[in-house]
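In: no sequence on this one, just coordinates:
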Ligand SMILES: [Mg+2]
Ligand SMILES: [Mg+2]
């Protein structure tokens, strides 16, 4: 039994892939199977200097990273606007809220006000566990900090108040199944 | 009467602004007034070389422009997923379809299949006229080319089959009002 479990962990562990890679693979699967149209937004760059060499492509020679004003991913599934941020933590016990930025909270609030769906996908990398955390729960924890609450969300809270995503082969991280549960619970 | 018309053109003409600038202004108005959450997607860049100088920000020293796999803008309004591409033409009589790329058509088709709203915003820059062209009309013209149809959409067609947007002060290009008409007509 132990051997079997090990094989399973081997085949479905993240194997050093980033969460972003895993979600990009998943999104490609969704797109190719006409399940959803969800893309990673490019990193915003401030371009300062571009060279235009003869007979070859333009080369950017000076540019700077800018802070994104939104989240990592958005798109459409079955008429719903979907918007989320992907986060990894090395912690085995809780998700530190310092990983989340104020502008991301603001953006997700705006999305919810327009009746979109917003959430985090959190990977506990050392545990190979994935959760879809509804924005509502994130916001409560975020607002709680000001009132002296904890600066992180315990794994236990994920187990009770979020939707666990079991990693698989294809789709790798089937977060839309978790999201359907979220929508069903909201509409109940 | 002629003088009055001229004044009007002066105050509401695009004054050398790009259509992208005008739409970004409009989106900021929508965001600040909690009307919609729609953003321009950053241009995708392939980064090859980054320098990390001491005591200052990382500098990108070699990077290349990549082809976007989607459209310019997307976001959420009142529960609807919104996705569009902005295009300008200098022509006074028609919109050349060579301005539209195959991957943009493919992406908008995918969006429509997921019950999102997809369209073009076309500016006839010389005429200071703006239109919201439903994806359906664009696709018909696009598919028509293969059957020997015209390679551009005449202004007359915009006047009969799209929604004209009258430019104003704030919001500059109130495309959501045009889009509401599109949605109402679809749901009829
Ligand atoms: Mg992220
Ligand atoms: Mg464009």
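Out: Structure's in. What do you need? In this text, all values refer to a predicted model and were calculated from it rather than measured experimentally. Numbering: from 1, shown residues only, chains lettered A, B, ... in the order given. Ligands and ions are numbered 1, 2, ... in the order given.
In: how about the residues of chain A near chain B?
Out: A:31, A:34, A:36-37, A:39, A:41-45, A:57-65, A:69-70, A:74-81, A:83, A:107, A:110-111, A:113-116 (CB under 8 Å from any CB of the partner chain). Every residue, glycine included, has its C-beta placed from N, CA and C.
In: if you set the cut-off to 7 Å instead, what comes out?
Out: Counting by CB under 7 Å from any CB of the partner chain, the positions of chain A adjacent to chain B are A:31, A:34, A:36-37, A:39, A:41-45, A:57-65, A:70, A:74, A:76-79, A:81, A:110-111, A:113-116.
In: Mind giving me the PyMOL command for buried ones among the residues you listed?
Out: Listed next is the PyMOL selection for buried residues among these, using 16 or more other CB atoms under 10 Å in any protein chain shown:
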select buried, chain A and resi 31+36+37+39+41+42+44+45+59+60+61+62+63+70+74+76+77+81+110+111+114+116
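In: mind listing which of the residues of chain A next to chain B are in helices?
Out: Cross-referencing the residues of chain A next to chain B against helices under DSSP state H gives A:31, A:110-111, A:113.
In: In strands, which of the residues of chain A next to chain B fall?
Out: Among the residues of chain A next to chain B, the members falling in strands (DSSP state E) are A:37, A:39, A:45, A:59-65, A:74, A:76-77, A:81.
In: any idea which of the residues you listed is the one closest to ligand 2?
Out: Lowest distance from ligand 2 to these (CB to the ion) belongs to residue A:39, with 16.2 Å.
In: who's in contact with the residue in chain A that ligand 2 sits nearest to?
Out: The minimum distance from chain A to ligand 2, using CB to the ion, falls at residue A:42 (14.7 Å). Applying CB atoms under 7 Å, 6 or more residues apart in numbering or on different chains to residue A:42 gives the contacts B:41-45.
In: And residue A:80, how close does it get to residue A:113?
Out: Distance, residue A:80 to residue A:113, using CB to CB, to the nearest Å: 15 Å.
In: How is residue A:22 assigned, secondary-structure-wise?
Out: Classification of residue A:22 using DSSP: H, G, I helix; E, B strand; the rest coil returns helix.
In: what's the pLDDT at it?
Out: According to the prediction, residue A:22 has pLDDT 97.
In: Burial check on it, number of neighbours?
Out: 22 (other CB atoms under 10 Å in any protein chain shown).
In: any low-confidence regions in chain A?
Out: Scanning chain A for pLDDT under 70 picks out A:1-12.
In: so where do the strands sit in it?
Out: Using DSSP E, strands in chain A cover A:37-40, A:45-51, A:59-65, A:73-77, A:80-89, A:94-96, A:117-124, A:129-134, A:152-154, A:163-165.
In: Kindly reformat the ones you listed as TSV containing distance to ligand 1.
Out: Formatted as TSV, the strands of chain A follow (distance: least, CB to the ion, whole Å):
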stretch	distance to ligand 1
strand A:37-40	9
strand A:45-51	17
strand A:59-65	14
strand A:73-77	9
strand A:80-89	5
strand A:94-96	13
strand A:117-124	9
strand A:129-134	13
strand A:152-154	16
strand A:163-165	16
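In: Tabulate those in CSV, adding columns for distance to residue B:101.
Out: What follows is the strands of chain A, written out as CSV (distance: least, CB to CB, whole Å):
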stretch, distance to residue B:101
strand A:37-40, 16
strand A:45-51, 21
strand A:59-65, 21
strand A:73-77, 19
strand A:80-89, 24
strand A:94-96, 40
strand A:117-124, 29
strand A:129-134, 34
strand A:152-154, 43
strand A:163-165, 34
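In: Nearest approach to residue B:22 belongs to which of the ones you listed?
Out: Closest to residue B:22 of those is strand A:45-51 (CB to CB; 20.9 Å).
In: Please spell out which residues along stretch A:140-149 are buried.
Out: Using 16+ other CB under 10 Å as the burial criterion, the residues of stretch A:140-149 that qualify are A:141-142.
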